[in-house]
Structures are given as C-alpha cells and as structure tokens.
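**Q** Quick check, what structure comes out for this input:
(one chain, ligands or ions: 1)
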Amino acid sequence: MYSTLKGKISAHQAKIGIIGLGYVGLPLAVEFAKVGFPVTGFEVDKEKVNNITRGISYINDVPTETVASLRKDKKLSATTDFSQLRNVDAVITCVPTPLRKSKDPDVSYIISATEQVVKNLKKGQLIILESTTYPGTTRELVMPMLEKAGLKCGKDFFLAFSPERVDPGNKHYDIHNTPKVVGGVTPKCSTLAHLLYSQVTNRAILVSSTEAAEMVKLLENTFRAVNIALVNEVALMCDRLKLNVWEIIDAAASKPFGFMPFYPGPGIGGHCIPLDPHYLSWKLKTLNFYSRFIELAGEMNAKMPEHLVQRVVDALNDHGKAIRNAKVLILGVAYKKDVGDVRESPALDIIKLLKDRHADVGYYDPHIPNISWEGYNVRSIRDLKNVKKYDAVVIVTNHSTIDYASLVKNAKLVIDSRNATKNMNASNIVRL
Ligand SMILES: NC(=O)c1ccc[n+]([C@@H]2O[C@H](COP(=O)([O-])OP(=O)(O)OC[C@H]3O[C@@H](n4cnc5c(N)ncnc54)[C@H](O)[C@@H]3O)[C@@H](O)[C@H]2O)c1
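**A** Reported below is the predicted structural model:
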C-alpha cells in the first residue's frame with residue numbers, strides 16, 4: 001500500500017481530497033490540480049461548492065480563470081457529499097480553528113471533518129491535518145478517532161501534520177517558494193506527506209514528529225504577536241517621549257544583523273496572529289505552565305484600538321471639534337493590506353468605540369463593500385471624492401491602491417496608524 005501510494009504521488013495520479021475550501025484550502029487545491037493531480041474539495045458551504053462547480057473563484061489570490069480552466073480540464077471539483085472521500089488517496093484538512101469566548105481552542109471543526117474521514121477511511125489513505133492547532137492534536141485527538149475502526153496508523157493508513165503558511169495578498173511568496181514543514185506519526189507517514197508536498201513546493205522540511213510540526217506554526221505566529229506587541233509598546237513610549245516611532249524603527253532597521261523591524265498599528269487581526277498563540281498557552285496550562293509573554297502580548301495588542309481612538313478624540317479636540325457628532329471616515333477595514341478579509345480586524349473595534357462616543361462613522365475599503373457584526377451594519381462609501389466633508393479620516397489599513405497624497409491634500413485631518421503618509425509633511429497629519 002505504501003509503495004503504491006508513493007508511486008501514485010510521484011506520477012501525480014494520486015486523487016486528493018481537500019476538506020475546507022477557504023483561504024487555505026482553495027489555493028492548495030488549485031496548486032495540486034495545476035500540476036495534474038485530480039483534486040476534489042469537500043465543503044459544508046453549498047455556495048462555495050456551487051461557485052467552484054461553475055468555475056468561479058471567491059478568494060482574491062485565486063484567479064477565476066484558473067478555477068475555470070481546471071474545471072474544464074476536469075482536474076478540480078467540489079462537493080458536499082463526504083462519502084466521496086472513500087475514492088481519494090490523500091485527504092488534507094483545512095478547516096477553521098477559532099477560539100471559544102473563554103479563549104480556549106475550538107477544535108470542533110477538526111473533529112467533525114475527521115468524523116467524515118473516519119466514516120470513509122479506507123486502507124492505504126494518507127491523512128494530513130493543516131489547520132493550525134495545539135501540539136498533540138494530530139496524535140492525541142485525530143489518530144485515536146481514525147484507529148477506532150480497527151485500522152492501524154503507519155500500517156493501514158498514514159497520518160501527518162503540515163502547517164499552512166499562506167499569506168493572503170503576498171505577491172512574492174506563495175506555496176512554490178515558501179518552504180513547507182511536515183511531520184508524520186511514523187517514518188512512513190512522514191515520507192509520504194513529504195513526497196506529496198514536494199510536488200507543489202520547492203522545499204518541504206521534515207521535522208521529527210507531528211507535535212514538532214504543530215509547534216513550528218505556533219512559534220512562528222507567537223513570534224509575530226509578541227514582537228508586534230513590543231513595538232506597539234514602544235510606540236506608546238515614543239508618544240510620551242515626543243519621538244516619532246517610525247523614524248526610530250527605520251533607523252534601527254539599518255543595522256544589518258540582530259534586528260528585525262516590526263511595525264506598530266491599530267491592533268492585530270486575521271484568523272492567525274490574535275488566535276493561534278492562545279492554542280499554545282491553553283495547551284501549556286494543562287501542563288501547569290503559564291506562558292506570560294503570550295498573555296502580555298495579547299493584552300498589549302488589544303489596547304491599540306482604544307489608543308488610536310483616543311488619538312482621534314485628541315486630534316479633533318486640537319482642531320476645536322468634539323468627537324460627539326463628528327464625521328469620521330475609517331480608511332480600510334480589512335485586517336491587513338490588500339485583502340478582503342475582516343476577521344478579527346481592529347477596524348471593527350475602532351468603529352464601535354467611535355460610535356460609542358457618538359461619532360458619525362463611515363468607512364471606505366476598496367475590497368470590502370459592507371460589514372455586519374454584533375448588530376452593526378455599515379456600507380463602504382464608493383470613493384474618496386468627497387473626503388472634505390469628514391472632520392477626520394483615520395487610516396486603519398494601508399491598501400496599496402489608495403492615493404494617500406491626494407487624500408492628505410483634500411482631507412481636513414488625517415490620523416495615520418500605518419505610516420501610509422510616510423515622507424509627507426502636512427500640518428493635518430497626526431501619526432500613531
Ligand atoms: N487564512 C490564513 O491566512 C491562514 C494562514 C495559515 C493558517 N491558517 C489556518 O488554516 C485553517 C483554515 O483557515 P482558513 O483561513 O482557510 O479558514 P476559512 O474559514 O477561510 O476556510 C475554512 C473552510 O472550511 C469549511 N468547513 C468548516 N467545517 C467544515 C467541515 N466539517 N467540512 C468541510 N468544510 C468545512 C468552511 O465552510 C470554510 O469554507 C485554520 O486553522 C487557520 O488558522 C490560515
């Protein structure tokens with residue numbers, strides 16, 4: 001079975017099933033299909049399945065033409081019928097891993113996806129988990145579910161973990177030139193998973209276990225969360241010292257070794273950085289270890305929306321205007337540059353905090369036509385032609401298509417939390 005699957009993978013004939021066709025699953029499905037593997041996506045969201053079936057992409061980084069051409073070549077399909085899982089040779093699970101309100105991991109999506117795999121498990125299949133999760137999930141949670149039917153891991157089926165490193169909106173790094181970390185339960189599991197990813201990435205890196213592979217992802221994201229928190233604190237320090245934090249970071253970054261620049265901002269967002277470190281701290285709590293850096297970073301980053309709003313209140317005050325009834329435009333609500341994703345975006349907190357102070361808040365985001373959350377419904381204005389009518393414009397996300405120079409020229413007051421107005425000198429700019 002092992003040699004047969006190896007042969008099928010090398011010949012790009014192995015049938016691949018991807019569970020969860022979101023920001024991670026769809027681009028991965030497309031990459032395998034592009035190099036000739038027959039790929040089926042398994043989704044609970046009928047609309048996504050219908051879109052793929054009609055050859056339409058709903059993810060910014062995946063062009064519709066690519067999906068349409070893969071559909072035409074019969075390399076890519078999507079279904080809500082999980083019984084078809086028994087026809088595939090390799091299954092890759094890319095379902096969400098959110099947090100519960102208590103900040104504990106919510107692995108219910110992994111469990112329900114794995115239940116479908118269990119129902120359809122057949123001898124010789126390779127099962128890979130990609131969803132970000134705490135060390136131990138693959139071996140302690142997924143493997144016992146799969147072995148319940150009497151099949152043995154490493155002999156009857158193969159199991160591995162490989163963290164996803166997709167960076168939506170990144171024009172330089174994609175799956176081909178971003179090394180992929182892989183860890184299997186047994187050496188055979190590792191070899192098969194490594195071989196599979198080697199077909200779509202220039203470099204697959206094998207680590208010693210599934211736990212090591214799970215931990216690699218959490219180290220990467222915790223590293224970012226902690227360093228962003230540090231630089232956010234430095235921004236508050238610079239505020240007190242009347243220094244420009246951006247100037248300080250740029251000058252420090254001229255050191256060719258031992259320093260890596262991170263930048264302050266209005267808070268952190270997205271499906272990864274605000275959530276993943278809590279998977280690690282939760283796991284460690286079960287081992288009586290308290291990860292103080294993670295907690296502190298979470299606290300520091302969560303303070304930033306309130307800090308930015310205070311900046312807006314003070315800047316308006318300096319211009320003789322109260323926040324109550326002030327017309328405020330939020331520029332960019334996506335959690336980061338050039339993406340159409342508002343998950344965990346600090347813009348949502350900022351809008352809420354401004355509305356709580358009775359400001360009249362609108363937003364503009366070329367990637368996000370409207371947002372609804374916690375009873376708030378806001379629609380993007382069409383363009384920035386009438387920016388003059390706002391008392392303040394708050395730059396929350398620095399999309400590369402926005403013309404900041406003309407914005408500064410036309411706006412009464414600009415509060416810039418992203419240094420989007422770098423090198424512009426105008427008295428109406430207030431920086432974070
Ligand atoms: N988005 C990123 O930039 C990114 C980067 C690295 C890692 N990750 C991780 O990858 C995982 C997936 O993230 P995402 O951003 O793609 O999420 P997503 O919400 O965009 O996509 C997940 C998809 O899974 C589907 N789904 C949910 N339950 C399912 C089930 N039982 N069976 C089949 N489909 C199901 C959902 O309908 C959705 O389409 C998460 O663990 C995340 O932390 C995400």
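
**Q** give me the residue from the chain nearest the ligand.
**A** Closest residue of the chain to the ligand, C-beta to the nearest ligand atom: residue 22 (1.7 Å). (Each C-beta comes from the backbone N, C-alpha and C, glycine too.)

**Q** Name the SS class of that residue, please.
**A** Secondary structure assignment for residue 22 (DSSP: H, G, I helix; E, B strand; the rest coil): coil.

**Q** OK, contacts around the residue nearest to it when sequence neighbours are not counted?
**A** The shortest distance from residue 22 to any non-neighbouring residue, by C-beta to C-beta, 6 or more residues apart in numbering, is to residue 94 (6.7 Å). If you count contacts by C-beta atoms under 8 Å, 6 or more residues apart in numbering, residue 94 has them with 18, 19, 20, 21, 22, 24, 25, 28, 130, 131, 164.

**Q** Name the residues of the chain found near the ligand, please.
**A** Within the chain, the positions lying close to the ligand (C-beta under 6 Å from any ligand atom) are 19-25, 42-45, 48, 94-97, 109, 112-113, 131-132, 164, 166, 168, 271-272.

**Q** any idea which element the residue lying closest to residue 96 once chain neighbours are set aside lies in?
**A** Distances taken as C-beta to C-beta, 6+ apart put residue 109 closest to residue 96, at 5.2 Å, once the chain neighbours are dropped. In this assignment (DSSP states H and E), residue 109 forms part of helix 108-120.

**Q** Does anything pack onto that helix? Which helices or strands?
**A** Under the contact criterion of 3 or more C-beta pairs under 8 Å, 6 or more residues apart in numbering; DSSP states H and E, helix 108-120 touches strand 16-19, strand 90-93, helix 143-147.

**Q** Can you show me the CA trace of it as PDB?
**A** Taking C-alpha atoms only, helix 108-120 is exported to PDB below (Å, rounded to 0.1, in the frame of the first residue of the first chain):
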ATOM      1  CA  SER A 108     -15.000  21.100  16.800                       C
ATOM      2  CA  TYR A 109     -14.400  21.700  13.100                       C
ATOM      3  CA  ILE A 110     -11.400  19.400  13.200                       C
ATOM      4  CA  ILE A 111     -13.500  16.800  15.000                       C
ATOM      5  CA  SER A 112     -16.400  17.000  12.500                       C
ATOM      6  CA  ALA A 113     -14.100  16.900   9.500                       C
ATOM      7  CA  THR A 114     -12.300  13.900  11.000                       C
ATOM      8  CA  GLU A 115     -15.600  12.100  11.700                       C
ATOM      9  CA  GLN A 116     -16.300  12.300   7.900                       C
ATOM     10  CA  VAL A 117     -12.800  10.900   7.200                       C
ATOM     11  CA  VAL A 118     -13.400   8.100   9.700                       C
ATOM     12  CA  LYS A 119     -16.700   7.100   8.100                       C
ATOM     13  CA  ASN A 120     -15.000   6.800   4.700                       C
END
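
**Q** Could you pull out the buried residues of that helix?
**A** Within helix 108-120, the residues that count as buried by 16 or more other C-beta atoms under 10 Å are 109, 110, 113, 114, 116, 117, 118, 120.

**Q** How many neighbouring residues does the closest residue to residue 157 other than its chain neighbours have?
**A** Nearest residue to residue 157, sequence neighbours excluded (C-beta to C-beta, 6+ apart): residue 125, at 5.0 Å. When neighbours are counted by other C-beta atoms under 10 Å, residue 125 registers 24.

**Q** Mind listing the residues bridging to residue 16?
**A** Taking DSSP bridges, one obtains residue 39, residue 90 as the residues bridged to residue 16.

**Q** can you give me the strands in the stretch 101-250 of the chain?
**A** According to DSSP state E, counting those that start in this stretch, the stretch 101-250 of the chain carries its strands in the segments 126-129, 158-161, 180-184, 204-206.

**Q** quick one, which of these is nearest to residue 281?
**A** Proximity to residue 281 (C-beta to C-beta) singles out strand 158-161 among the strands of the stretch 101-250 of the chain, at 19.4 Å.

**Q** any idea of the mean pLDDT for the closest one?
**A** The average pLDDT within strand 158-161 is 98.

**Q** Now mean neighbour count too, for the strands of the stretch 101-250 of the chain, in JSON lines please.
**A** Converted to JSON lines, those look like this (neighbours: other C-beta atoms under 10 Å):
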{"stretch": "strand 126-129", "mean neighbour count": "27"}
{"stretch": "strand 158-161", "mean neighbour count": "28"}
{"stretch": "strand 180-184", "mean neighbour count": "26"}
{"stretch": "strand 204-206", "mean neighbour count": "17"}
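
**Q** could you dump these to CSV with distance to residue 369?
**A** CSV is the format used below for the strands of the stretch 101-250 of the chain (distance: least, C-beta to C-beta, whole Å):
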stretch, distance to residue 369
strand 126-129, 34
strand 158-161, 37
strand 180-184, 34
strand 204-206, 39
